[in-house]
Structures are given as C-alpha cells and as structure tokens.
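# I would like the atomic coordinates for the input below:
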Amino acid sequence: MLYDRYGRPVTNLRITVTHRCNYRCFYCHMEGESGFEEITVDEVARLVRIASRLGINKVKLTGGEPLVREDIVELVKAIDEVKPSDLAMTTNGSLLKGLASKLVDAGLRRVNVSLPSLKREVFSRITGVDMLDMVMEGLLEAKNSGLSPIKLNTVVLRGLNDGELWDLMEFARRHDFILQLIELEPIGVGDEFYESYHSPLDDVEKWLEENAVDVEVRRLMHNRKQYDLGG
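Presented below is the predicted three-dimensional model:
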C-alpha cells in the first residue's frame, strides 16, 4: 500500500496516454503538442499491474485528448483485464460518437467531458474548433451506452461563458449529468489572462447552498461540495 505525505492511502492512478489534442484552446499552451513519445499499450498494462499490487485500484486516463489514439479501445481493454474497481477517462467528448459503446464493451465505466459552452460561437472561441454538435452527439451516445456517471467540466471564464451557468445546470439536470463548475486558477495561465477571465463563483455557490435539496461534501476530493438540485 502507498501513502501520501499526509498518511492517506493512495488508491487512484492517473495516466496521461497522449499529449496530442484536436482542440486549440486559446488558454492552452500545448497547442496539440505531439512531440512527446506516447506510452504504449503494453507499458500501460504493466504500469497498472504494478499499481494494483500496491493497492491502487482506480484508474483515470487523461491527455491531451485520449480519444485521438487509434488504439484507445485496445488500451482500455488491457487495463480492464487487470480488474480495477474503477476505470474512467477525461475527454473533450468530440470523438465519443462511434467510440462510446466500444469503450464500454472494453471496460470503461465513466467519463468526465469538458464542456466550455452550450453556444456554438462561444464554444468555438474557447476551443478553437467548431465541434459543439459532435460533443453533444458524443454525450448522447455515452449516456445511451451506459457510461455513468457522466460528469461535465466547465471552467468559468468571465465575459465568455459566465452568463450561461444556469443553462448549463439545467442541461445537466435534464440529462442526469453531473456539472462541475471550475473556478479559473492563477496557475499556468499568466497574471494578465487570470485578471481578464477570472470569475469568482461565490454568488453561484451561495445560490446552490440555498436551493439544493442535498449537499454532499466529498472528503476524498479536497472537501469539494456536490449539490443536488433535484428533478
């Protein structure tokens, strides 16, 4: 068993399976970086087996964009053969259509999907691509394929998507998704960018506290609060 510096057991493993990405987000300096050698399927399987022997039984795949890998289904299957208790993926969702059911069959349990906006023009400005329809189709297929829970990650950016938070909440409620509103942090983006786009979530959190039918504090997630709005 592995423990962190606070004496807590380490049970989660995050694997960056690629640095490539099919987005060109204006705040990302990687710009679809492809200069890194990608970890192979065999290397991933070996890593997960070693981690399993150390008590790590939850695996999350990240990128870049994991779904740009042509062997991503094979990679998921190789991990599933080690029998982790949870196998998840963070994705931008644009390539989920046509892959979601295959990933479920290979052993994927759940996904976190980045969704910066429900408006095409805002989505395109943030991501640098016109793929909102593809993401929506991918989310529908992911839901119908049995991936659950499906979490939506939205980084709140002042002057861009901060005016549609209620629409995002309603979209998530209607489709039984979990929406994670993420406050922009002054790390890796530069002071000027942070000052231009940072939008405090204090008012949103206050409204949620007053209107949620239930509030769960996730102790293992840095005391992150999860609000249930019902319906």
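# what packs against the host helix or strand of residue 170?
In this assignment (DSSP states H and E), residue 170 forms part of helix 165-175. Helix 165-175 is packed against strand 150-156, strand 178-183, with contacts defined by 3 or more Cβ pairs under 8 Å, 6 or more residues apart in numbering; DSSP states H and E. Yep, even glycine has a C-beta here, placed from its N, CA and C like the rest.
# ok, and for it, which residues are buried?
By neighbour count on 16 or more other Cβ atoms under 10 Å, the buried set for helix 165-175 is 165, 168, 169, 171, 172.
# on that earlier part again, most packed of the helices and strands packed on helix 165-175?
strand 150-156 (a mean of 20; mean count of other Cβ atoms under 10 Å).
# Also compute the angle for that strand relative to strand 178-183, please.
Going by axes from the mean of the first three to the mean of the last three Cα atoms, to 10 degrees, strand 150-156 is angled at 20 degrees with respect to strand 178-183.
# I'd like the mean pLDDT over strand 150-156, please.
Averaged over strand 150-156, pLDDT sits at 96.
# Would you list the strands that that strand pairs with, along with their directions?
Here strand 150-156 is paired, per DSSP bridges, with strand 110-114 (parallel), strand 178-183 (parallel).
# what's the offset of the shortest one from the middle of its chain?
By that I understand strand 110-114. Relative to the centre of its chain, strand 110-114 is centred 4 Å away, using Cα atoms, centre = their mean, to the nearest Å.
# The last one now?
Strand 178-183 has its average C-alpha position 10 Å from the chain's average C-alpha position, going by Cα atoms, centre = their mean.
# now swap in stretch 36-53 and tell me
The chain centre lies 21 Å from the centre of stretch 36-53; the measure is Cα atoms, centre = their mean.
# Go through it and flag the buried ones.
38, 39, 41, 44, 45, 47, 48, 51, 52.
# cool, and stretch 182-195?
Residues of stretch 182-195 classed as buried by neighbour count (16+ other Cβ under 10 Å): 184, 189.
# Okay then, goodbye and thanks.
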